[in-house]
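Enquirer: Quick check, what structure comes out for this input:
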Amino acid sequence: MKTARRPRAYLALTLNLVALTFAVSAVTTSYWCEGTRKVVKPFCTGPVSPKQTYCIRFNSSNLNDSRLVQYIWETGEDKFIMRKFHTGIWVSCEQSINMIGFTCRNFLEIAPAHERGVLWLCIVAECFYIGLLFMGGLLMSLEMCCCCNLMNGLKMNAFAAVLTALSGLLGMVAHMMFTTAFQLSVSLGPEDWRPKTWDYSWSYLLAWCSFAACMASAVATLNRYTKTIIEFRHKRRVLEKHLRLEQKLMELDSPLWDLYVSSVPSTTEELLELSSKPSDSSVFLEPNGMADLPNPPGQPEDYC
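Expert: I've put the predicted structure just below:
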């Protein structure tokens, strides 16, 4: 039976590791949301280059020249430029003025003052999500080792399922809080940051894939626990049936009683091993060998 439970144990542990990897990757990157900002082109400085499309070139050296604006529109040159940006839980990065590289700043400075508490809760919840997910995976690994008996393994399995499910709920709440904080920052954030277009990016997708893998791992772990408990209870009922038959034979004072073999298991492993035998197995010995004692009508077969 222990060998039959191994595939589910490996499945639950694999899903836990996948969820943990996705969660760490999502939290440590800044691609939860990305988009573009529409900004005014600066005036070109330095040597004139035909590739300077990110700035406005003009002939006059006087910045106060009234003909400057007229020159821009007459030449049909676009006064605005679209600069890309991407944002994570920690930082928000935007393309530099020369469109080479990115300049980053803390996202806490961008979020509205009344929403910074929500963003802090999001960060704390993400950290707890990763921590509980790691603890659940650690308990699953210890439970799979051969150093613990059946009852201790069941206890560790139950704790692993509870911790994994709790971490998944915290992760879901953290992702939703970040979504709320970002949307409010788009509407109420500083003018020099508000995007023109934006959408969710691959880090946000990784975060929700991590949540899905986490909940799948919790379900697989809980399924292992409940299946083992059901098997244990069913086989205990089978053993109690044999003991009741023994008691009835004692009351009837059957002549076969002297040949009855009674052995009460001393450990849980021996109990499960004894109970895993077919329900119609022999419990009596005759002088010439083993004799079968049929089950009462309606006795179900062994579970699973």
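
Enquirer: show me where pLDDT drops low in this protein?
Expert: Counting by pLDDT under 70, the chain contains low-confidence residues at 1-5, 43-54, 56-78, 146-148, 231-232, 234, 253-304.

Enquirer: which residues in it form helices?
Expert: 2-27, 67-74, 107-110, 116-144, 150-188, 202-252, 268-275 (DSSP state H).

Enquirer: got the angle between the first one and helix 202-252?
Expert: Using axes from the mean of the first three to the mean of the last three CA atoms, to 10 degrees, the direction of helix 2-27 lies 160 degrees away from that of helix 202-252.

Enquirer: packing partners for helix 2-27?
Expert: The helices and strands touching helix 2-27, judged by 3 or more CB pairs under 8 Å, 6 or more residues apart in numbering; DSSP states H and E, are helix 116-144, helix 150-188, helix 202-252. Using the backbone N, CA and C atoms, a C-beta is placed for each residue, glycine as well.

Enquirer: now do the shortest one
Expert: Using 3+ CB pairs under 8 Å, 6+ apart as the contact criterion, the neighbours of helix 107-110 among helices and strands are strand 91-95, helix 116-144.

Enquirer: list the helices and strands the longest one packs on?
Expert: Applying 3+ CB pairs under 8 Å, 6+ apart, one finds that helix 116-144 contacts helix 2-27, helix 107-110, helix 150-188, helix 202-252.

Enquirer: what do you get if the cut-off is 7 Å, keeping everything else the same?
Expert: The contact analysis (3 or more CB pairs under 7 Å, 6 or more residues apart in numbering; DSSP states H and E) places helix 116-144 against helix 2-27, helix 150-188.

Enquirer: Need those in CSV (columns: distance to C122 and mean neighbour count).
Expert: Listed next are the helices and strands packed on helix 116-144 as CSV, based on distance: least, CB to CB, whole Å; neighbours: other CB atoms under 10 Å:
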stretch, distance to C122, mean neighbour count
helix 2-27, 10, 18
helix 150-188, 4, 19
